[in-house]
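Student: no sequence on this one, just coordinates:
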């Protein structure tokens, strides 16, 4: 598992290289993921508090507030340096940042989110991580599980350009669904997203109609406790 403490100072710079293959920035995708969540789950937003599991330096924090209407973000990450950067860069937001062992789940959160986190977690530790997330959610709470799609060859190539993906063990969409079911979640739907690079951005209006096609750069599994 990558030690993200060593990447905290240059996280965005490192992430920009693989993202550049599409002609977009990391923030473009961070914002688009939130807009996708809002459009697919309009009934649950706005919400008071969200769990960002594997939050890193907080690239999604402002979008939770601006797009989903969240008031408080609970950011959990094993990298203390990443949490320090997140706190410094988003000091104006209402944040609760902690290492996993420091945050005690209370089963009271309506929404949990992760993006590109589980391919960094060794397979034998993934059930424990999912149990932790599930214990944070209230009954009926929603978990938005975003991952890179290994069925897309461009994604596989872009991950090879990313320093902190050197030890990544990708998760296929079908494996993710099985993993979440085994952890006790009820699957609501599976979407595929991000089909078109910037030069073909005019075609992005077709994305919603293509969400069944397993070739998007990322996929989203929405699951319920």
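Tutor: Great, that's in hand. Just so it is clear, the model here is predicted, and its values are computed rather than measured.

Student: Tell me the buried residues in stretch 169-182?
Tutor: Residues of stretch 169-182 classed as buried: 170-171, 173, 176-177, 179-180 (neighbour count, 16 or more other C-beta atoms under 10 Å). Every C-beta, even on glycine, is put in place using the N, C-alpha and C of the backbone.

Student: Same check on stretch 59-77?
Tutor: The neighbour-count check on stretch 59-77 (16+ other C-beta under 10 Å) flags 59-65, 67-68, 70, 73-77 as buried.

Student: same check, this time on stretch 77-90
Tutor: By neighbour count with 16+ other C-beta under 10 Å, stretch 77-90 contains the buried residues 77-79, 81-83, 85-86, 90.

Student: Off-centre distance for the longest helix seen in the chain?
Tutor: The longest helix of the chain (DSSP state H) is helix 26-40. On the basis of C-alpha atoms, centre = their mean, to the nearest Å, helix 26-40 sits 10 Å off its chain's mean C-alpha point.

Student: now what about it, what contacts it?
Tutor: Helix 26-40 is contacted from outside by 12, 15-16, 19, 45, 59-60, 63-64, 67-68, 113, 115, 144, 146, 189, 191, 193-194, 208, 218, 220, 222, using C-beta atoms under 8 Å, 6 or more residues apart in numbering.

Student: Pull out the buried members of those.
Tutor: Buried positions within these, assessed by neighbour count (16+ other C-beta under 10 Å), are 12, 15, 19, 45, 59-60, 63-64, 67-68, 113, 115, 144, 146, 191, 193-194, 218, 220, 222.

Student: Quick check: the nearest residue to residue 215 once chain neighbours are set aside vs residue 209, distance?
Tutor: Of all residues not flanking residue 215 in the chain, residue 152 sits nearest, at 5.6 Å (C-beta to C-beta, 6 or more residues apart in numbering). From residue 152 across to residue 209, the span is 18 Å (C-beta to C-beta, to the nearest Å).

Student: Counting neighbours, go ahead and name the busier of those two.
Tutor: residue 152 (19 against 8; other C-beta atoms under 10 Å).

Student: Check what pLDDT the more buried one gets.
Tutor: As predicted, residue 152 sits at a pLDDT of 92.

Student: and what of the one 10 residues further on?
Tutor: Reading off the per-residue confidence, residue 162 sits at a pLDDT of 67.
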